[in-house]
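Student: how would this look folded up:
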Amino acid sequence: MASIDILANRFHSYDKMYIQDLREQSFGDWPFREECNCTPEKMAMAGFVHCPSENEPDVACCFFCLLELEGWEPDDDPWSEHVKRSPNCGFLTMRKDVTELTVAEFFRKEKERLTVYLRKVCHKKMAFLRDEIDQTLESLKSQLESI
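Tutor: A predicted model of the protein is given here:
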């Protein structure tokens, strides 16, 4: 359950990632730099935050729709990859920079982002609980069979 809590905390902190500079700063250890399409600047412009794991150093996640992509190639275009896999992302459909949004527009966007966040965390927790139930049932079955 601890990994779900870590995941939930990471996604929850994405509320600050409306600012492109903050997204770009997350790419400190990003493997692609000059002469690539997927530079930190372009990744951040497309709404991505760098969220590497031990096994996957190039995982990037959209701060808004939580789309996670890995296996980036130097020629990959972050915006195109994002649109291809999550065309209805609230970040991609924003028509203004966050600094140009009215307070009401910002709160509508943030409500949308939090809805996505809550859905994802709830789905992860439900999947965890289903696994726990399956393991418990298997354990009970084997105990009953051994009687």
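Student: give me the low-pLDDT residue ranges for this structure?
Tutor: Applying pLDDT under 70 to the chain flags the ranges 1-12.
Student: any chance you could map the strands in it?
Tutor: 48-50, 60-62, 68-69 (DSSP state E).
Student: Tell me which of those strands lies nearest to residue 130.
Tutor: strand 68-69 (20.9 Å; CB to CB). Any C-beta I mention is one placed from the backbone N, CA and C, and that applies to glycine too.
Student: thinking again about what came up before, can I get the strands of the chain in TSV with distance to residue 112?
Tutor: Output for those, formatted as TSV (distance: least, CB to CB, whole Å):
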stretch	distance to residue 112
strand 48-50	17
strand 60-62	13
strand 68-69	18
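Student: Quick one: closest of those to residue 106.
Tutor: strand 60-62 (17.7 Å).
Student: so what strands line up beside the closest one?
Tutor: Applying DSSP bridges, strand 60-62 is found paired with strand 48-50 (antiparallel), strand 68-69 (antiparallel).
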